[in-house]
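Predicted structure and sequence below. I'll ask about it afterward.
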Amino acid sequence: MTDTTTTGVRAFGLVWFGQLISSVGSGLTSFALGVWVFQKTGSVTQFAAIAFFGALPGLLIAPLAGVYVDRWDRRHVMLWANLASGLRTLAVAGLLWADQLQVWHVYVAVAVASVFRTFHLPAYIAATTLLVPKQHLARASGMTQFGQAAAETLAPFLAGLLVSVIRVEGVLLIDFVTFLFAVLTLALVRIPRPAPSAAGRAKKSMMKEAAHGWNFIRERAGLRGLLIYFAMLNLVLSMVSVLIIPLVLSVTNAEVLGRVLMISGAGLIAGSVYMSITGGPKPHIHGVLGFGLLFGIGLAIVGLRPHPWLIAAGLFITMFGAPVINGASQAIWQVKVPPDLQGRVFAVRRMLAQFTAPMGHLLAGPLADRVFRPLLVPGGALAGSVGTVLGVGPGRGIGLLFIVLAAMPFLISLWGYAQPPVRRVEEELLDAVG
């Protein structure tokens with residue numbers, strides 16, 4: 001590698017480490033505030049509203065945020081987003097210390113964090129493109145996935161221990177310190193500005209630049225197909241995230257649930273490590289579509305029988321595939337989108353790929369309770385047929401729903417392979433990154 005390449009990779013490593021620490025800190029806060037709201041209200045609805053307010057504002061402003069990410073220095077965007085998020089955490093801690101924190105304060109805080117995250121994430125991905133050589137982008141994506149996996153796996157465990165010792169206020173202070181650490185790592189590196197592309201040089205209004213993010217995707221059938229693929233996959237994943245705890249608790253206790261979730265998290269970390277070391281399958285589209293098939297196999301195993309360790313095995317397989325799918329897709333987008341347009345394109349991509357997640361959260365409960373559960377209770381419509389295979393009784397309706405959901409990754413992966421623009425996206429679209 002040249003000196004410039006080595007410097008860029010080292011800079012990425014430093015930024016990645018800072019964001020890893022910050023992600024774990026943010027996970028601590030998310031868990032601690034969720035516990036605080038549930039203990040204060042006893043309401044599942046008010047607890048679930050945290051996820052709603054933590055997602056919707058960011059999705060709504062994503063197109064405009066992406067334009068600003070392209071106009072501004074990416075390092076500065078990340079730095080100020082980290083710092084502002086840290087100050088938000090400090091403000092919540094102050095309200096707790098003063099015994100003034102209300103549930104609506106938490107909703108406002110997570111909404112504000114959602115906005116800052118919408119600026120931060122496209123800037124982080126676009127900065128990675130500028131620092132890491134094209135042939136290593138998939139591995140860098142795997143490292144990014146590892147940071148998210150670590151936050152999702154370690155943070156609840158650590159937060160559960162820390163809340164009992166230093167209370168929620170102490171956990172929030174730790175999160176604030178992790179944000180400062182991320183800011184420090186960003187202050188120590190330099191991220192080059194991208195060379196302007198023809199589209200980037202054109203002077204347009206803010207709204208036209210925001211629309212250009214969608215137009216860029218719309219004009220490229222392969223990228224448009226990937227967007228459809230992930231919208232459907234995120235619909236399934238959002239429903240799974242809601243249903244997995246009720247499924248496990250229907251057949252065992254909370255202690256075993258914790259072990260099952262740890263095995264699920266281990267799958268997520270293992271997939272991230274695999275992606276970080278190998279860069280995933282080549283071409284990358286096989287990492288997306290091929291591991292989409294594996295994702296479906298895992299979900300089918302989860303629903304097959306009411307045994308905790310079989311459920312855990314299915315979750316391990318499912319979660320192993322998730323970072324490979326995400327990392328391989330991200331590498332494709334990073335290579336095919338000009339670096340100076342990545343902010344607006346990636347912001348629109350995130351908004352459209354994830355708009356199905358709130359739908360999944362809303363649909364999962366009614367589908368499980370009102371549609372699938374009655375089918376597999378004793379005397380239910382499917383008890384004498386499907387019930388002879390899946391079983392009858394508590395949780396079996398959710399198990400059937402998991403098997404139905406497992407068909408979606410299969411079908412959309414097969415659809416992707418059947419679409420030449422998607423299957424050949426890496427061959428047919430010119431690389432925008434050398």
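Perfect, thanks for sending it. Numbers count the residues shown, from 1 in each chain.

What strand or helix carries the most centrally placed residue in the chain?
Central residue of the chain (CA atoms, centre = their mean): Q148, 7.4 Å from the mean position. Assigned by DSSP states H and E, Q148 falls within helix 137-187.

so how far is that helix off the chain centroid?
Using CA atoms, centre = their mean, to the nearest Å, the distance from the centre of helix 137-187 to the centre of the chain it belongs to is 15 Å.

Let me know the average pLDDT across that helix.
For helix 137-187, mean pLDDT is 81.

so what's E255 up against?
Not one residue lies near E255 by CB atoms under 8 Å, 6 or more residues apart in numbering. The C-beta positions use only the backbone N, C-alpha and C, and glycine is treated the same way.

Model confidence at it, what's the number?
Looking at E255, its pLDDT stands at 70.

State the distance from it to A155.
20 Å (CB to CB, to the nearest Å).

just G147 next, same as before
According to CB to CB, G147 and A155 sit 11 Å apart.

for H361, same thing?
The gap separating H361 from A155 is 20 Å, by CB to CB.

I277 touches R139, doesn't it?
Yes. Assessed by CB atoms under 8 Å, I277 is found in contact with R139 at 7.2 Å.

in this protein, which segments are predicted with low confidence?
Low-confidence segments of the chain (pLDDT under 70): 1-6, 38, 42-48, 195-207, 254, 258, 434.

in it, what residue sits furthest out from the centroid?
In the chain, counting by CA atoms, centre = their mean, G379 sits farthest out from the average C-alpha position, at 39.9 Å.

any idea how far it is from I217?
The value you get for G379 to I217, if CB to CB is used, is 50 Å.

From L367, how far out is the closest residue to K336 other than its chain neighbours?
Ranked by CB to CB, 6 or more residues apart in numbering and with sequence neighbours excluded, the top spatial neighbour of K336 is L429, at 4.9 Å. Distance of L429 to L367, computed by CB to CB: 37 Å.

Could you check which of these two is surrounded by more residues?
The residue with more neighbours, out of L429 and L367, is L367; 20 against 17, by other CB atoms under 10 Å.

can I assume the more buried one is in contact with V404?
No. Using CB under 8 Å, L367 is not in contact with V404; the gap is 9.0 Å.

three-state assignment of the residue nearest to I317 when sequence neighbours are not counted?
Nearest residue to I317, sequence neighbours excluded (CB to CB, 6+ apart): G298, at 3.4 Å. The three-state assignment at G298 reads helix, by DSSP: H, G, I helix; E, B strand; the rest coil.

Who are the contact partners of P246?
368, 395, 398.

wait, doesn't the last one sit right on V248?
No. Applying CB under 8 Å, one finds I398 not in contact with V248, separated by 9.6 Å.

just to revisit the earlier point, ok, I277 and R139, which is more surrounded?
Taking other CB under 10 Å, I277 and R139 do not tie; R139 has more neighbours (18 against 11).

From R424, how far off is the more buried one?
23 Å.

what comes up buried for the helix or strand harbouring L414?
Per DSSP H and E, L414 falls inside helix 396-418. For helix 396-418, burial by neighbour count (16 or more other CB atoms under 10 Å) applies to 396-406, 408-410, 412-413, 415-417.

re the thing from before, residues in contact with the residue nearest to I317?
By CB under 8 Å, 6+ apart, the residues touching G298 are 314-321, 406.

From L268, how far out is it?
12 Å.

Give the intersection of the neighbour lists for these two.
319-320.

The protein - how does it break down into domains?
The chain breaks down by automatic domain parsing into domains covering 1-193, 207-434.

isn't L257 right next to L247, touching?
No. Assessed by CB under 8 Å, L257 is found out of contact with L247, at 9.7 Å.

Which one's more surrounded, those two?
Legend: neighbour count by other CB under 10 Å for L257 and L247, higher for L247 (26 against 18).

Once you drop chain neighbours, what's closest to the more buried one?
Using CB to CB, 6+ apart and skipping the chain neighbours, the partner closest in space to L247 is I398 (4.5 Å).

One more: T318?
Leaving aside its chain neighbours, T318 sits nearest to G298 (3.2 Å; criterion: CB to CB, 6+ apart).

cool, I297 as well?
Using CB to CB, 6+ apart and skipping the chain neighbours, the partner closest in space to I297 is I317 (6.2 Å).

And the strand or helix carrying the one you found, what does it pack against?
Element membership for I317, per DSSP H and E: helix 308-336. Taking 3 or more CB pairs under 8 Å, 6 or more residues apart in numbering; DSSP states H and E as contact, the helices and strands that helix 308-336 lies on are helix 103-131, helix 137-187, helix 221-249, helix 254-278, helix 284-304, helix 342-354, helix 425-428.

Using neighbour counts, pick out the buried residues of that helix.
In terms of neighbour count (16+ other CB under 10 Å), helix 308-336 has its buried residues at 308, 311-336.

Would you mind confirming that the residue nearest to K336 is in contact with L223?
Yes. At 7.3 Å, L429 and L223 qualify as touching, with contact defined as CB under 8 Å.

Need the residues touching each of those two.
The contact sets of L429 and L223 overlap at K336 (CB under 8 Å, 6+ apart).

For Q19, see how far away W80 is.
Relative to Q19, W80 is positioned 14 Å away (CB to CB).

Between the two, which has more neighbouring residues?
Q19 (25 against 18).

What are the buried residues along stretch 90-97?
Buried, per 16+ other CB under 10 Å, within stretch 90-97: 91-93, 95-96.
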